[in-house]
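Peer 1: The following comprises the amino acid sequence and a computationally predicted model.
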Amino acid sequence: MFDIVPSEAIREGRATDAYFDRTVDALEGADRNPRVVAEVTADQFPDGDFELLAGVKDAAHLLAGLPIDADALPEGTLFDGGPVMRVEGRYLDFARYETALLGFLSHASGIATAALEARRAAPDSRLLSFGARHVHPSMAAVVERSALVAGFDGFSHVVAGELLGREASGTMPHALVICFGPGEQERAWEAFDEAAPPGTPRIALCDTYTDETDEALRAARAIDLDGVRLDTTSSRRGDFRHIAREVRWRLDQAGFEDVEIFLSGGLDPDALADLRDVASGFGVGGYVSNADPVDFALDISEVEGEPWGKRGKLPGKKEVYRTPDGGHLVRRADEPAPEDGEALLAPLVRDGEVVREFDLDDAAARAKREAALVNFGEET
């Protein structure tokens, strides 16, 4: 019914590019199936342009059951060159899985990197992922999980929450207010208050029909309010910072000092950095969900123990290390490890068995530590 590649097709290696089918046929016909080392990289040498690794859980489960070994950086690791994953085995045992493997890592890492930029721009604010509406529905859980890896506090998508074991967050859309009509905003806020489960923050959308300050005060008087959300259309927004400050002034003046302000609508890291002192939190949508995927490639770097590779790529099996000052080092596997370096590639799959746990909180904590270590997003 929908244009969605089924999970079983991915798991069976059928979600692949046609030339891998041709390659398998050619190698089988030539009776050639060498043991290889293949590495997933975006950049060969470190360049200081760090990105955040995500999608490792899906990649691991894609490779599960295949007679291969795989190592990978932990999810939530920042990298700027060298391999993020290494696969070792007979080439025909994983050849058809390259397309899906790169897709799992590329898209999730791009989203996570953009989310980390937002997180670093507003480090003390509550951030919610609102971008599921900008992507194909089959991608929603990938968007929300990647945002959590980057340190977001929550997300909006219901089924993604069911898959991730987290409860989706949300208040009300403009549609709810519009269904009651102009001048009837109080009825909309009261209906929301009556219908929302206990424990759901009472955050009213306050920019539908009249001035934001007017609707914020009316909402605060209508229900026991936790906060107001301003999602003013960009064509009517003007100075969003001034609007938020004015709303804060008017709420405080009327005795509603405890009512918080949340902002949403086309926000990027620059906007978050500018607004973080006038709002308690933000809904961030397209900047995160619409992020460009990381341009990963999977390249054979070793064949039957010999360092082989295509022109422009570095042949030979490699290791990557993090140094105490935040350096990201790439070395040949047969070179000595740096004395102060922490090896980043760690077992992921052994003979087809996934040997790693995937804890979202651990990944988010790692991303936060590493972002501080490498000064990620300092230009913001």
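Peer 2: Received the coordinates, thanks.
Peer 1: Pull out the buried residues from the longest helix seen in the chain.
Peer 2: Counting residues, the longest helix found in the chain (DSSP state H) is helix 98-121. For helix 98-121, the neighbour count (16 or more other C-beta atoms under 10 Å) marks 98-121 as buried. C-beta coordinates here come from the backbone N, C-alpha and C atoms, glycine included.
Peer 1: swap in stretch 206-226?
Peer 2: Taking 16+ other C-beta under 10 Å as the criterion, stretch 206-226 shows 206-208, 212-213, 215-217, 219-220, 222-223, 225-226 as buried.
Peer 1: Which stretches in the stretch 51-200 of the chain count as helices?
Peer 2: Applying DSSP state H, counting those that start in this stretch to the stretch 51-200 of the chain gives helices spanning 56-63, 98-121, 140-149, 158-164, 174-180, 185-195.
Peer 1: how many degrees apart are the second one and helix 140-149 in direction?
Peer 2: Comparing the axes of helix 98-121 and helix 140-149 via axes from the mean of the first three to the mean of the last three C-alpha atoms, to 10 degrees yields an angle of 40 degrees.
Peer 1: With the first one instead?
Peer 2: Here helix 56-63 points in a direction 130 degrees away from that of helix 140-149 (the same axes, to 10 degrees).
Peer 1: so the closest residue in space to residue 219 that isn't next to it in sequence is in which element?
Peer 2: Leaving out its chain neighbours, the residue that sits closest to residue 219 by C-beta to C-beta, 6 or more residues apart in numbering is residue 204, at 3.8 Å. If you go by DSSP states H and E, residue 204 is part of strand 203-205.
Peer 1: Any chance you could list what contacts that strand?
Peer 2: Applying C-beta atoms under 8 Å, 6 or more residues apart in numbering, the contact partners of strand 203-205 are 171-174, 176-177, 189, 192, 215-216, 219, 222-223, 225-229, 231, 260, 262.
Peer 1: Strands - which of those land there?
Peer 2: Using DSSP state E, 227-229, 260, 262 are the members of the contacts of strand 203-205 that sit in strands.
Peer 1: which of these tops the neighbour count?
Peer 2: Neighbour tally across the ones in strands among the contacts of strand 203-205 (other C-beta atoms under 10 Å): the maximum, 30 neighbours, falls on residue 228.
Peer 1: Next, the contact list for that one, please.
Peer 2: 203-206, 215-216, 219-220, 247, 251, 259-262.
Peer 1: Now do the contacts for the closest residue to residue 28 other than its chain neighbours.
Peer 2: Among residues not flanking residue 28 along the chain, residue 92 sits closest, at 6.9 Å (C-beta to C-beta, 6+ apart). For residue 92, the contacting residues are 24, 27-28, 33, by C-beta under 8 Å, 6+ apart.
Peer 1: what do you get for residue 352?
Peer 2: Residue 352 touches 63-68, counting by C-beta under 8 Å, 6+ apart.
Peer 1: Write the PyMOL selection for whichever of these are buried.
Peer 2: Selecting only the buried entries of the contacts of residue 352 in PyMOL, with 16+ other C-beta under 10 Å as the criterion:
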select buried, resi 63+66+68
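Peer 1: Need the three-state assignment for residue 356.
Peer 2: The three-state label given to residue 356 by DSSP: H, G, I helix; E, B strand; the rest coil is coil.
Peer 1: Find the nearest non-adjacent residue to it, please.
Peer 2: residue 348 (5.4 Å).
Peer 1: again, but for residue 281
Peer 2: Leaving aside its sequence neighbours, residue 281 sits nearest to residue 126 (C-beta to C-beta, 6+ apart; 3.1 Å).
Peer 1: neighbours of that neighbour, just the number please.
Peer 2: Neighbour tally, residue 126, other C-beta under 10 Å: 17.
Peer 1: Tell me the pLDDT of residue 379.
Peer 2: On pLDDT, residue 379 comes in at 53.
Peer 1: Where does pLDDT dip in the stretch 201-350 of the chain?
Peer 2: The stretch 201-350 of the chain contains no residues with pLDDT under 70.
Peer 1: which residues in it form strands?
Peer 2: For the stretch 201-350 of the chain, the strands defined by DSSP state E, counting those that start in this stretch occupy 203-205, 227-230, 260-264, 281-284, 297-303, 318-322, 328-332, 342-343, 346-350.
Peer 1: Could you export the ones you listed as JSON lines, including distance to residue 53?
Peer 2: Putting the strands of the stretch 201-350 of the chain into JSON lines (distance: least, C-beta to C-beta, whole Å) gives the following:
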{"stretch": "strand 203-205", "distance to residue 53": "33"}
{"stretch": "strand 227-230", "distance to residue 53": "32"}
{"stretch": "strand 260-264", "distance to residue 53": "28"}
{"stretch": "strand 281-284", "distance to residue 53": "20"}
{"stretch": "strand 297-303", "distance to residue 53": "15"}
{"stretch": "strand 318-322", "distance to residue 53": "11"}
{"stretch": "strand 328-332", "distance to residue 53": "12"}
{"stretch": "strand 342-343", "distance to residue 53": "15"}
{"stretch": "strand 346-350", "distance to residue 53": "12"}
